[in-house]
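Colleague: coords please:
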Amino acid sequence: MNEPTPELGTPMPDLAAQLPGPVSAAPPRPTVTPPEYRLVPPPSVPLPPLADHPSVPLPGDPVPHSAPPRSSPGVPGPRRPTMSGGLPAVTAPPRVDGRRPAPPTRPRDPRPLPPQVGGPLPALRRVGGLRPVPAAPGRPGSVTGPAPAPTPQAAPVAPGSESRLLAGRHQARPGGLAAHLHTHGPLPRAELSGRQGARRLIELVELAGLRGRGGAGFPTARKLAAVTNAGNIRRTPVVVANGCEGDPTSGKDALLLHLAPHLVLDGLALAAHAVGADEAMLCVHRGDPLVEHLERAVAERTDDPAAVHVVTAPTRYVSSESSALVNYLTRGDARPTSAARAAEQGVQGRPTLVDNVETLAHLALIARHGPDWFRARGTADSPGTTLVTVGGSVVGPGVFEVDMGMPIGRVLGLAGGTSTPTQALLLGGLGGSWLPMPSAVDVELSHEGCAAGGTGLGVASLVAMPAAACGLRATALMLRYLAAESAGQCGPCMFGLPALAEDLDAAATGTMDRELSARLRNRLEIIPGRGACRHPDGAVRLVSSALDTFRRDLTNHLYGRPCDAVDASIPPVLRELSASDDGGWR
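Modeller: Next up, the predicted model:
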């Protein structure tokens, strides 16, 4: 990819210039080797040592991978949502003296349990919200054994690191409820009890300016208010915690659920109390090794206002989309839909709040510390901290908790800087955008900062692309994966994405085709906004950014001059993508 463009005997038009956007003619490549970007902050802003920041390896990177696998062997026949402990989908366990007993110990069956989610939800006793309880350091039944998931290599806490979500990561292994209360303290149940307290909680979230951490960045207070207003005595709301981390470039939700499951469950309980829900579901992918860990955490809690079920969904890329989860919990089909808003008509027709697990963890911290504390970090429009996954050609790939608004260059610095000369960064996962280096280092990791840089934040993940790799070839591999993982229920996914993947394959291999640029331009214009979900829109955004970021390579390839880059130079997290083999959408 670093060789100069050879001179041609016969001048040819720049076919890449016909593509949408500011594509210029390709100048000759310099013969000098690109610099190695080992990014450090300016002297006036000292960067904490790498050891002060927790990290979890990415799939396929040089360090052991600790995130849960993304696929598991399937079981023949149709499958419907499987609830923890074999519980029916929405049936609360019997209560004794106002408390839910822990589920009995049972042998673990590797096969998914039969579903129990058909038909309308049974009428359940409305719970009056959070109940004040003594601020005890712990409760009976604390689980202190090792979690079933591989333990991430979390660094010890250093003075001044001020971790929020990952406070307590210095522990050798994740503790139970007692350890969680020791780290974060009890919830302010007395101050937030009753319907007046629920309204106060929504006001606190609005003052804090919390935005969703699942990718869209929607204001959380508006979602809470919409679900609350749609609920009534016949349509009791439901709360869904989305821990189905569908994007292969991200590992933040898995790390959070492993290290701080009770912080997520605190937020789930608070959200249920705020909207008046009596059912809550924590969703992860089928085969996730965290399932038993989460079931034990749920069993420890006896004073939450809603019955919590751990639900396993099919391991598909789009099954983590909110409408797909609602569809799965209602009909057993994990494909996205364009149905009514979940806040108005969600799971089984009930008003439903769907929030990412990191969003709920922030909610639990806001309830404890208040909106001013939350806004003390981050930016005015994107307050607080966030978890970001950094991978690709960096020294220390992993998951880091950073302030919203931190420049991407400093985020890379937390991962030790780049390990090889780097030509571009992938921001926002497989549905995100390529950003060219070195200008990408100045983009701020916030919604307004990314918008100013001409992109969106999306999934908080960064993948550094080495200069020795072919960006077009990497994008073609990603498009093949996105096309295979689509729900296949609309024209853009059934025909548009495979066609885009074929065109990129042809460009990456140097197939000389005078009509290729015109086809790409036409498809990139007609696909967006026509799908049943945003999946094809994300694919178009990815391709459009690739054509701009790697336009020099595109010009060479369209002239029939493929590069000498090999696939081995592409980061494994992108090179080794493979569609799910778990048997479908049920």
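
Colleague: Show me the domain layout of the chain.
Modeller: 82-93+166-375, 377-466, 469-575 (automatic domain parsing).

Colleague: Tell me how far the second one lies from the chain's centre.
Modeller: Which is domain 377-466. Between the centre of domain 377-466 and the centre of its host chain there is 14 Å, according to C-alpha atoms, centre = their mean, to the nearest Å.

Colleague: Please measure how far the first residue of it sits from its last one.
Modeller: 32 Å (C-alpha to C-alpha, to the nearest Å).

Colleague: what about the domains of the chain, which gets the closest to residue 584?
Modeller: Closest to residue 584 of the domains of the chain, according to C-beta to C-beta: domain 82-93+166-375, at 6.9 Å. The way it works is simple: take the backbone N, C-alpha and C, and place the C-beta from them, glycine included.

Colleague: quick one: the closest one to chain centroid distance?
Modeller: That offset, for domain 82-93+166-375, works out to 14 Å (C-alpha atoms, centre = their mean).

Colleague: now the helices for the stretch 151-300 of the chain?
Modeller: Secondary structure of the stretch 151-300 of the chain (DSSP state H, counting those that start in this stretch): helices located at 177-184, 189-192, 194-208, 220-230, 252-259, 261-275, 291-300.

Colleague: Turn the domains of the chain into a markdown table, including distance to residue 585, mean neighbour count and mean pLDDT.
Modeller: As requested, the domains of the chain are exported to a markdown table (distance: least, C-beta to C-beta, whole Å; neighbours: other C-beta atoms under 10 Å; pLDDT from 0 to 100):
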| stretch | distance to residue 585 | mean neighbour count | mean pLDDT |
| --- | --- | --- | --- |
| domain 82-93+166-375 | 5 | 22 | 88 |
| domain 377-466 | 19 | 23 | 93 |
| domain 469-575 | 7 | 20 | 82 |
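
Colleague: Now distance to residue 584 too, for those domains, in a markdown table please.
Modeller: What follows is those, written out as a markdown table (distance: least, C-beta to C-beta, whole Å):
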| stretch | distance to residue 584 |
| --- | --- |
| domain 82-93+166-375 | 7 |
| domain 377-466 | 21 |
| domain 469-575 | 11 |
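
Colleague: Which one of the ones you listed lies nearest to residue 586?
Modeller: domain 82-93+166-375 (5.2 Å).

Colleague: which one of the helices of the stretch 151-300 of the chain lies closest to residue 434?
Modeller: helix 252-259 (20.7 Å).

Colleague: residue contacts, residue 346?
Modeller: By C-beta atoms under 8 Å, 6 or more residues apart in numbering, residue 346 lies in contact with 238, 240, 326, 330, 352, 354.

Colleague: can we see that at 7 Å?
Modeller: 238, 326, 352 (C-beta atoms under 7 Å, 6 or more residues apart in numbering).

Colleague: How about residue 257?
Modeller: For residue 257, counting by C-beta under 7 Å, 6+ apart, the contacting residues are 243, 264, 290, 294, 357.

Colleague: same thing but 8 Å
Modeller: Applying C-beta under 8 Å, 6+ apart, the residues near residue 257 are 243, 264, 284, 290, 293, 294, 357.

Colleague: For the third one, list each beta-bridge partner.
Modeller: Note on residue 284: beta-bridge partners by DSSP bridges are residue 312.

Colleague: Correct me if wrong: it contacts residue 293.
Modeller: No - Residue 284 lies out of contact with residue 293 (C-beta atoms under 8 Å); the separation is 10.1 Å.

Colleague: of all the helices of the stretch 151-300 of the chain, which lies closest to residue 379?
Modeller: Once these are compared by C-beta to C-beta, helix 194-208 is nearest, at 13.1 Å.

Colleague: how about the strands in the chain?
Modeller: Assigned by DSSP state E, the chain shows strands spanning 82-83, 238-242, 279-285, 307-313, 352-356, 385-392, 398-403, 422-427, 433-436, 461-466.

Colleague: who does the last one touch, helix- and strand-wise?
Modeller: Meaning strand 461-466. strand 385-392, helix 408-414, strand 422-427 (3 or more C-beta pairs under 8 Å, 6 or more residues apart in numbering; DSSP states H and E).

Colleague: rerun at 10 Å
Modeller: strand 385-392, helix 408-414, strand 422-427, strand 433-436, helix 471-484, helix 572-575 (3 or more C-beta pairs under 10 Å, 6 or more residues apart in numbering; DSSP states H and E).

Colleague: Let me know whether residue 396 touches residue 464 as I believe.
Modeller: No - counting by C-beta atoms under 10 Å, residue 464 is not a contact partner of residue 396; they are 11.8 Å apart.

Colleague: shared neighbours of these two, anything?
Modeller: Contact criterion C-beta atoms under 10 Å, 6 or more residues apart in numbering; residues shared by residue 396 and residue 464: 390, 415, 417, 419.

Colleague: need those in TSV with distance to residue 224, can you?
Modeller: As requested, these are exported to TSV (distance: C-beta to C-beta, whole Å):
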residue	distance to residue 224
390	31
415	34
417	40
419	43
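
Colleague: ok, back up a step: between the helices and strands packed on strand 461-466, which one is closest to residue 178.
Modeller: If we rank those by C-beta to C-beta, the stretch that ends up nearest is strand 385-392, at 24.5 Å.

Colleague: show me what contacts residue 382?
Modeller: 209-211, 217, 403-405, 444-450, 457.

Colleague: Out of the contacts of residue 257, which two sit at the greatest distance?
Modeller: 293 and 357 (13.3 Å).

Colleague: so what sits against both of these two?
Modeller: What both residue 293 and residue 357 touch, as defined by C-beta under 10 Å, 6+ apart, is the set 257, 261.

Colleague: Residue 506 contacts residue 516, correct?
Modeller: Yes - Residue 506 is within contact range of residue 516, at 6.1 Å (criterion: C-beta under 10 Å).

Colleague: Which residues are in contact with each of those two?
Modeller: 557, 558.

Colleague: okay, the contacts of residue 346 in TSV with distance to residue 378 next?
Modeller: Listed next are those as TSV, based on distance: C-beta to C-beta, whole Å:
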residue	distance to residue 378
238	30
326	30
352	28
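
Colleague: ok, the residues you listed vs residue 564, which is closest?
Modeller: Of the contacts of residue 346, the one sitting nearest to residue 564 (C-beta to C-beta) turns out to be residue 326, at 48.0 Å.

Colleague: That closest one reaches residue 342, doesn't it?
Modeller: Yes - judged on C-beta under 10 Å, residue 326 makes contact with residue 342 at a distance of 5.0 Å.

Colleague: which residues are in contact with both of the two?
Modeller: 238, 240, 350, 352, 354.

Colleague: between those, which is nearest residue 321?
Modeller: Of those, the one sitting nearest to residue 321 (C-beta to C-beta) turns out to be residue 354, at 9.5 Å.

Colleague: so the closest one touches residue 327, yeah?
Modeller: No - applying C-beta under 10 Å as the test, residue 354 and residue 327 come out as separate, 11.4 Å apart.

Colleague: Find residues that contact each of the two.
Modeller: Counting by C-beta under 10 Å, 6+ apart, the residues touching both residue 354 and residue 327 are 321, 342, 346, 347.

Colleague: about what we covered before: now tabulate the shared contacts of residue 326 and residue 342 in JSON lines and tack on distance to residue 493.
Modeller: Output for the shared contacts of residue 326 and residue 342, formatted as JSON lines (distance: C-beta to C-beta, whole Å):
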{"residue": "238", "distance to residue 493": "28"}
{"residue": "240", "distance to residue 493": "24"}
{"residue": "350", "distance to residue 493": "28"}
{"residue": "352", "distance to residue 493": "24"}
{"residue": "354", "distance to residue 493": "22"}
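
Colleague: what's the most distant pair in the residues you listed?
Modeller: It's 350 and 354 that sit farthest apart of these, by C-beta to C-beta, at 12.2 Å.
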